[in-house]
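[1] Here is a sequence with its predicted model. Questions after.
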Amino acid sequence: MPYVTVKMLEGRTDDQKRALVEKVTDAVSETTDAPKEKVAVIIEEMAPNHYAVNGKRISDLAE
């Protein structure tokens with residue numbers, strides 16, 4: 001059973017997350033020949049102040 005974890009900043013709508021899960025499931029099923037019902041997708045959302053790039057928190061870049 002393939003498990004996929006998607007980590008992203010919070011703020012996406014339920015519709016966006018639903019579409020993401022559907023497309024990730026399709027891609028994993030197509031590339032691994034795993035049945036779609038066996039593909040698990042976990043979304044982990046992070047607050048912008050919990051994620052940094054190039055030594056700067058994302059929340060600080062928005063200021």
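    Sure thing, it's come through. Numbering: from 1, shown residues only.
[2] where does this protein have its least confident helix or strand?
    Of all helical and strand segments in the chain, the minimum by mean pLDDT, DSSP states H and E falls on helix 58-61, at a mean of 89.
[3] what's it packed up against?
    Where contact means 3 or more CB pairs under 8 Å, 6 or more residues apart in numbering; DSSP states H and E, helix 58-61 is not packed against any helix or strand. For glycine as for every other residue, the C-beta is placed from the backbone atoms N, C-alpha and C.
[4] Restricting to C-alpha, output that helix in CSV.
    Below are the C-alpha coordinates for helix 58-61, written out as CSV (Å, rounded to 0.1, in the frame of the first residue of the first chain):
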residue,chain,number,x,y,z
ILE,A,58,7.9,32.4,5.3
SER,A,59,5.8,34.4,7.8
ASP,A,60,8.6,37.0,8.0
LEU,A,61,8.9,37.3,4.2
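[5] where along this structure do the strands fall?
    Under the criterion DSSP state E, the chain contains strands at 3-9, 40-46, 52-53, 56-57.
[6] May I see these organised as a markdown table, with mean pLDDT, distance to S29 and mean neighbour count added?
    Putting the strands of the chain into a markdown table (pLDDT from 0 to 100; distance: least, CB to CB, whole Å; neighbours: other CB atoms under 10 Å) gives the following:
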| stretch | mean pLDDT | distance to S29 | mean neighbour count |
| --- | --- | --- | --- |
| strand 3-9 | 97 | 11 | 12 |
| strand 40-46 | 97 | 11 | 13 |
| strand 52-53 | 92 | 31 | 10 |
| strand 56-57 | 92 | 36 | 12 |
